[in-house]
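# When you get a sec, could you give me coordinates for this:
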Amino acid sequence: MKETLPSAIEDYEKIPFQEFTRKAYLNYSMYVILDRALPHIGDGLKPVQRRIVYSMSQLGLSSTAKFKKSARTVGDVLGKFHPHGDSACYEAMVLMAQPFSLRYPLIHGQGNWGDPNDPKSFAAMRYTESKLSQYADIFLGELDQGTADWIPNFDGTLNEPTLLPARLPNLLLNGTTGIAVGMATSMLPHNLREVAKALIHLIENEDADLSAICKYIKGPDFPTDAEIITPSAEIRQMYADGKGRIKMRATYQIEDGEIIFCALPFHASTEKIYEQIAAQIEAKKLPMVGDIRDESDHEEPTRLVVIPRSNKINHEALVDHLFASTDLEKSYSVNMNMIGINGRPEVKNLLTLLSEWLEFRADTVEKKLKFQLEKILARLHILKGFQIAYLNIDHVIQIIRNSDTPKKELIRAFDLSQIQATAILEIRLRQLARLEERKILSEIKELETQRKILEKLLGSKKAFKAYMIEEIRSDAKKYGDKRRSPIRERKEAEAFSVTDVMDIEPVTVILSQNGWVRSAKGHDIDPSKVKFKSGDNLMSFLRTRSDKPVVFLDNYGRSYVLFSHALPSARSNGEPLTGHLSLQPDTSIQFMLSQEKNDHFLMGSDNGYGFIIKFSDFLTTYKNGKAVISIKNGFNLLAPEPILDLETDRIVAVTNQGQLLIFPINQLPKLKKGQGNKIINIPKKQLNSNDPEKLKLLKILPLNSNLVIHSGKHFLRLNPGNQIDYTGMRGYRGKKLPRGYQVVDKIEIIPIKPTDEKSL
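Numbers count the residues shown, from 1 in each chain. You can find the predicted model right below:
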């Protein structure tokens, strides 16, 4: 019997799968962005951090209280407000307690909370103890004064604040990092006193621009004494865009010829830097360094000693190399992405951030003042009822003794409110003394004074601003400190090149037809006599020096770079280039080059196009090379020609059908890559025919040189006078060579000697 689905299942809502997944992913994205990864501009905290601070305040763990086990705090946070993993919660708590991670820690820890070399080496939460730091008071001091909005916790049994009423822009002071769905944030810490001065200036000058703010906030301020070396102009641009990079560099001193690093960049580890330097020493990239020691201890948390082999070495050059090649210099990305007061995530510049936070703070202060005013007015209302009662004490006592409904009688007799009548009925007999009446009058006078002050603050924009400024100035004095990370102007660090630490000597690079490469010392070796593996032969060789890079050009016009010191010795059969370079399966190396960086080459393909390129534009650090010349399908790369003089040299172009063109080299453009310009005109009909005409040979013809055209066993010598017949403009057709010389095998350039010039 066929089973049927229950009707209840059939009645379920049916929606397309695409729509369901879109909504589910969108909901998840918004949750991660708003409730986990991005901080709010108001208190600068993520939800887990906010809940930790609030939970600790509920446990009575203020800065003046005794320490309690961290496990107790984590348990309360998870059980009451944050139903997530305990390890993630504890790690967030540890980060808030580490003085080397936060510029102004929110938690004061006791026990092992990690160290700068290994921030995650902290003890388990059952071993550590904690309480709130004094700085955390900026979040909690006004929490019970009507400044926060409250929402139910995850199970609806308790309420928690949506935001803490921070008295300072913690987001800018402590910074934060976070990765959400489709967006991320990376805020760097700043100095409290500098930020406070900027806020005060902005309150006093609402039309202040970013330049005025940057006079006070010079740049980030990390919890380390290492230097910030980013130029001031770049820091200002970072603040203008809300995005950028900040670079830090370790500080050092030289003692008895030894280099001692005593402050590292933010989140840099002496252990990792030690390993980086040791690896370079082992790889013989630092022959001038004899030893390295890590002398860091509790008294000196950072003391990394680099010992040179000799006092005669250039210490600055060595330190410069270490900055460029290790974590002694680090770069930090800045992405000022946050949830604004409108509840939306957005990247904000520094001026917008401060202005928006001041809006948040002004709203918080207004709520606080109104709360205090309402409290005073409520108390004054009761005290005025007491005053009426004391003035008519006998009548009041008579009503209370004789009336069945004393509250109604009191209200009718003295025109009291319900609240006043209730308060009078709750007065104790001992409070009927004359002394108490004096206390009430004194309290009324005091509260009236306070009421006038609060009403003035709320009614006067100028007084309100002055009040905010005084609060910020007071907090800056209480919690602020001097800048830790100095901002210095330093030159860009440069690492030693490979050639700086190698022995410079002549070498011969040998490439086989099967793509095996090797390097032999000296130029006296005969490559034709070198032995190859069975089935392999010599393809080409290159005589150069060990300090020069070797450029390999493939059939697609891509360039690759190797140094001869990285190649195997010529005593062996060598190694395949594929072991050093990432070559495509159908790729073959056509040519090898090696020159000085500022030398130039003539590049061309047999479709008749080419350009001039500087040797440095061939260079690349990528194993898969870089595109240099565009080679169209069906065409081939011609041998690159070194250029001697960019002003006087000429270009000789010969096609396979005997068309010869000579033109000045300055008519060809200098490019870094591309197809180039037309060298010689080859009609499309002939270029695309079954027996196509192509550019066969390209040569550089120096001034005062004879041009010798070889065709089989015959040759044609063209002296400078005869060369004029074939000279034209770039892109011209050129002139046909005489019959018998139109199939050109090679071109020879012979410089004219001074004696030859006289004979001419």
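
# so what's the closest residue to Pro506 other than its chain neighbours up against?
Spatially, and ignoring its direct neighbours in sequence, Pro506 is nearest to His523 (4.8 Å; C-beta to C-beta, 6 or more residues apart in numbering). (Each C-beta comes from the backbone N, C-alpha and C, glycine too.) Going by C-beta atoms under 8 Å, 6 or more residues apart in numbering, His523 touches Pro506, Thr508, Arg543.

# cool, Leu380 as well?
Leu380 makes contact with Ile444, Leu447, Glu448, Arg451 under the criterion C-beta under 8 Å, 6+ apart.

# which ones among those are found in helices?
Mapping these onto helices (DSSP state H) picks out Ile444, Leu447, Glu448, Arg451.

# rewinding a little: buried among the contacts of Leu380? Make that a PyMOL selection.
Per 16 or more other C-beta atoms under 10 Å, the buried members of those correspond to this PyMOL selection:
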select buried, resi 444+447+451
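
# rewinding a little: going by distance to Ile724, which of the ones in helices among the contacts of Leu380 wins?
Set against Ile724, the nearest of these by C-beta to C-beta is Arg451 (105.7 Å).

# That closest one contacts Arg379, doesn't it?
No - using C-beta atoms under 8 Å, Arg451 is not in contact with Arg379, being 9.7 Å away.

# Next secondary structure after the host helix or strand of Ala463?
Under the criterion of DSSP states H and E, Ala463 resides in helix 461-479. For helix 461-479, the succeeding helix or strand toward the C-terminus, using DSSP H and E, is strand 506-512.

# Give me the helices and strands touching the stretch of helix or strand Ile397 belongs to, please.
Per DSSP H and E: Ile397 is located in helix 393-402. Counting contacts by 3 or more C-beta pairs under 8 Å, 6 or more residues apart in numbering; DSSP states H and E, helix 393-402 is packed against helix 406-414.

# quick one, the helix it packs on and helix 393-402 angle?
Helix 406-414 and helix 393-402 are oriented at 150 degrees to each other (axes from the mean of the first three to the mean of the last three C-alpha atoms, to 10 degrees).

# and helix 406-414, C-alpha only, in PDB?
Presented in PDB, the C-alpha positions along helix 406-414 are these (Å, rounded to 0.1, in the frame of the first residue of the first chain):
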ATOM      1  CA  PRO A 406      -5.300  59.200  55.500                       C
ATOM      2  CA  LYS A 407      -3.600  59.400  52.000                       C
ATOM      3  CA  LYS A 408      -6.800  60.800  50.400                       C
ATOM      4  CA  GLU A 409      -7.300  63.200  53.300                       C
ATOM      5  CA  LEU A 410      -3.700  64.500  53.100                       C
ATOM      6  CA  ILE A 411      -4.000  65.000  49.300                       C
ATOM      7  CA  ARG A 412      -7.200  66.900  49.700                       C
ATOM      8  CA  ALA A 413      -6.100  69.000  52.700                       C
ATOM      9  CA  PHE A 414      -2.700  70.100  51.400                       C
END
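
# The helix or strand just after it: how far from the chain's middle?
Using DSSP H and E, the helix or strand that directly follows helix 406-414 along the chain is helix 418-425. With C-alpha atoms, centre = their mean, to the nearest Å as the basis, helix 418-425 stands 64 Å off its chain's centre.

# And the contacts of helix 418-425?
With contact meaning C-beta under 8 Å, 6+ apart, helix 418-425 is reached by 378, 381-382, 384-386, 388-389, 396, 400, 406-407, 410-411, 416.

# Repeat that for stretch 306-313.
Identification of contacts with stretch 306-313 by C-beta under 8 Å, 6+ apart yields 257-261, 277, 287-293, 315, 318, 322.

# Between its first and last residues, what's the separation in it?
For stretch 306-313, the first-to-last residue distance is 13 Å (C-alpha to C-alpha, to the nearest Å).

# List the buried residues for that stretch?
Residues of stretch 306-313 classed as buried by neighbour count (16+ other C-beta under 10 Å): Val306, Pro308.

# Please apply the same query to stretch 26-40.
Across stretch 26-40, burial judged by 16+ other C-beta under 10 Å covers Val32, Ile33, Leu34, Ala37, Leu38, Pro39, His40.

# what does it rub up against?
The contact list for stretch 26-40 (C-beta under 8 Å, 6+ apart) reads 45-48, 163, 171, 176, 178-185, 187, 337-339, 343, 345.

# Beta-bridge partners for the nearest residue to Leu671 once chain neighbours are set aside, please?
In space, and not counting its chain neighbours, Leu671 is closest to Phe611: 4.3 Å by C-beta to C-beta, 6+ apart. Beta bridges link Phe611 to Met603 when assigned by DSSP bridges.

# give me the number of residues near Phe611?
As a burial measure, Phe611 scores 21 neighbours (other C-beta atoms under 10 Å).

# for Pro642, same thing?
Neighbours around Pro642, by other C-beta under 10 Å: 12.

# Correct me if wrong: the residue nearest to Leu671 contacts Gly674.
Yes - with contact defined as C-beta under 8 Å, Phe611 reaches Gly674; the gap is 6.7 Å.

# ok, and the closest non-adjacent residue to the residue sitting nearest the centre point of the chain?
Residue closest to the average C-alpha location in the chain (C-alpha atoms, centre = their mean): Ser333, at 1.9 Å. Nearest in space to Ser333, with sequence neighbours left out and distances taken as C-beta to C-beta, 6+ apart, is Ser186 at 5.2 Å.
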